[in-house]
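Peer 1: A predicted structure for the sequence below; I have some questions about it.
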Amino acid sequence: MGSFGAHFCLNTALPPIISQTLSASDSFNMQNLFEWSYWGLAFAVIFIVMWVIQLYYFLNFYVRIASTKLDKETISRNVPVSVIISARNEEKNLMEHIPAIMDQNHKEFEVIVVNDSSWDDTEAILKALHVRYPNMHIIHLDEEKQNMQGKKFALTLGIKAAKYEHILLTDADCAALSHDWMSRMVAPLNEDKKIVIGFSPYKRYAGWLNKLIRFDTMMIGLQYMGYAKAGIPYMGVGRNLAYTKDIFFSVGGFKSHYSIASGDDDLFVNEVATNNNNAVVIAPDAQTISEPKRNWKEWLFQKKRHLVTSPFYKPQHKNLLMFWPVSFVLMYIGFAGAMVLKNMMLVVGGMLLLRYILQLTILHGSSKRLGLHRDIVWLSPFLEIHLHAVNLFVYLTNLVRKPQKWN
């Protein structure tokens, strides 16, 4: 007997009240199944839309670094350059890194170190270094003369004192990765290119935190350099950034964001960069490298400080930056909801796998161009989820209380 016949006979053989109960239960199950199917389809649509947005970012922005030809990045030793470094209590870093900067294979340059109200032996160290390197100049800034938050006042003094038109910025805790760093970074500067955006990774150490920091730095780098190559420059990093004095003073330096402690690099670039007045240099010998934070508390504070400036970006940049993490989270929500549909499991599962294959391919190519360690590439699916959770935490805590100091 078929299943329909058995169901019919069972219902006719049972008392009416039981038969009615079974019919009501069947009706409920059918309605419940229909509702789950409806929501599962809705989640599937959300997943597909967010998946497409994720692929758009990979294929329109992030892939640009992986596809960059390094042999097109030139070296020019004939561009006079003033290197500006703001230093506060950096005696150890200055002793370690200044010699490598002064020994660059560049023809004509000066290094200006602004001692920003240090209370350690920075002043004595700088005096000793000046004896050894006559083309290193020192500006001492007393605390009572400091009238600007962060290091903007110190950098402004350094840029004003610069002898040359071309300015190259780095931090006291950064080390140049080659003797051609200076020549690589200033080579693109000309009448059309007023800004050169460089990359600055962190050193590799053992532990998950270090991997997360290096992955975060890599993804931020792929964002701002990929956007710039796509004609949408929105930031640079002060650890490795070059521009002309002319463009700096054309907007009054940091005048538009004096009141914000950070932003001497990203907010400045966000203000002055256009779709064609900048260049991106990614070669490993054009990079500087610095020490990462060694504990969670310091790193989270650093991220809180960096995220303070993003609300002041141009609307287009804020929207682009927002849609990347939002689409990631919604993609996973859609994926989880769509899995209730058995006939969609293979489809959404395959699409998610394709997304990670694309991610691994692009990150692998980018790490080769940037000279980064591959450990963060293969761990990227796990690092990415953790990083989005950290960024959400930092964003929410910044809504409650923003950091007021830059160091």
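Peer 2: In hand now; what should we look at? Numbering: from 1, shown residues only.

Peer 1: and Ala100, how many neighbours does it have?
Peer 2: Close neighbours of Ala100, defined as other CB atoms under 10 Å, add up to 16. Every C-beta, even on glycine, is put in place using the N, C-alpha and C of the backbone.

Peer 1: Kindly indicate whether it is helix, strand or coil.
Peer 2: helix (DSSP: H, G, I helix; E, B strand; the rest coil).

Peer 1: Please name the nearest non-neighbouring residue to it.
Peer 2: Nearest residue to Ala100, sequence neighbours excluded (CB to CB, 6 or more residues apart in numbering): Ala176, at 5.3 Å.

Peer 1: Could I get the phi/psi values of the one you found?
Peer 2: phi -70, psi 130 (degrees, to the nearest 10).

Peer 1: Show me the strands in the stretch 1-150 of the chain, by range?
Peer 2: 81-87, 109-116, 136-141 (DSSP state E, counting those that start in this stretch).

Peer 1: out of the ones you listed, nearest to Gly221?
Peer 2: strand 81-87 (21.3 Å; CB to CB).

Peer 1: Can you give the distance of the closest one from its chain's centre?
Peer 2: Chain-centre distance of strand 81-87: 23 Å, with CA atoms, centre = their mean, to the nearest Å.

Peer 1: now swap in stretch 178-197 and tell me
Peer 2: For stretch 178-197, the distance to the chain centre is 21 Å (CA atoms, centre = their mean).

Peer 1: Quick one: residues contacting Pro80.
Peer 2: Taking CB atoms under 8 Å, 6 or more residues apart in numbering, we find Pro80 in contact with 107-109, 163-166.

Peer 1: Max pairwise distance over those residues: which two?
Peer 2: Lys107 and Glu165 (15.3 Å).

Peer 1: one step back: out of the strands of the stretch 1-150 of the chain, which is the most enclosed?
Peer 2: strand 81-87 (a mean of 26; mean count of other CB atoms under 10 Å).

Peer 1: relative to strand 109-116, how tilted is that strand?
Peer 2: With axes from the mean of the first three to the mean of the last three CA atoms, to 10 degrees applied, the angle from strand 81-87 to strand 109-116 works out at 20 degrees.

Peer 1: Show me what strand 81-87 is in contact with.
Peer 2: Against strand 81-87 from outside (CB under 8 Å, 6+ apart): 93-94, 101, 106, 108-116, 118, 122, 126, 151, 154-155, 158-159, 162-164, 166-172, 182, 186, 242.

Peer 1: Same check on stretch 367-385?
Peer 2: 65-66, 68, 70, 177, 199, 201, 204, 211-212, 214-215, 218-219, 221, 282, 284, 287, 328, 356, 359-360, 363-364, 366.
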